[in-house]
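1. would you be able to build a 3D model of this:
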Amino acid sequence: MGVGGVGSSVVAGIHLANIFGILTHTVQYVMCGYLLIFSLTVVIFEGKVEWIEKAAFLLNYQELLIEKAKFLSEVLGRGLFYIFISTLWFSTFSLTSIMGYVQLGLGGYLLLIGALHVFMHFGIMPREVVEKVRAARRASYAAVGTRENTSDVERS
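-> Down below sits the predicted model:
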């Protein structure tokens, strides 16, 4: 089960628990409603099959998603969906409270996970990305003519 989906669900639920938020921050309140729906969708879609099968309505919802929102069953579509959710978090955060920093962190995390899914769609796996970064670091050290800090590159 995805950490981003669970975290988003919890934070959106906390925002929605403040029922006066609909009067004071109407747009943000509605956005958190959407975020809760989308985050629960991610949790259900990413959940373990054994857990989903125990609740028929979750299994029906998952099958509905596969049929009507086929993009979620593909790596590129899911990655773009994560990126979309991250932009919603970025659009609602405010750095005037700790919760704003949590929202910013959620947005950043989902953006990263979404980008990794998009990279995987195009055949760039996370391990390949790490190897390319290591190779670039080695090349830059070689170009400068120093072996400084290469021990951590060789160790990892």
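2. do you know how far Ile83 is from Phe122?
-> 14 Å (CB to CB, to the nearest Å). All C-beta spots, glycine's among them, are computed from the backbone N, C-alpha and C.
3. who's more crowded, these two?
-> In this view Ile83 and Phe122 are compared by other CB atoms under 10 Å, and Ile83 has more residues nearby, 18 against 9.
4. element containing that one?
-> Ile83 belongs to helix 75-92 when assigned by DSSP states H and E.
5. which of the residues in the helix or strand that that helix is followed by are buried?
-> Sequence-wise, the next helix or strand downstream of helix 75-92 (DSSP H and E) is helix 98-121. Of all the residues in helix 98-121, those buried under the rule 16 or more other CB atoms under 10 Å are 102-104, 106-107, 109-111, 113-114, 116-120.
6. could you do stretch 81-99 as well?
-> Neighbour-count burial for stretch 81-99, with 16+ other CB under 10 Å as criterion, is recorded at Phe81, Tyr82, Ile83, Ile85, Ser86, Leu88, Trp89, Thr92, Phe93.
7. show residues contacting it.
-> For stretch 81-99, the external contacting residues (CB atoms under 8 Å, 6 or more residues apart in numbering) are 4, 8, 11, 14-15, 28, 31-32, 34-35, 38-39, 42, 71-72, 100-101, 103-104, 106-111, 113-115, 117-118.
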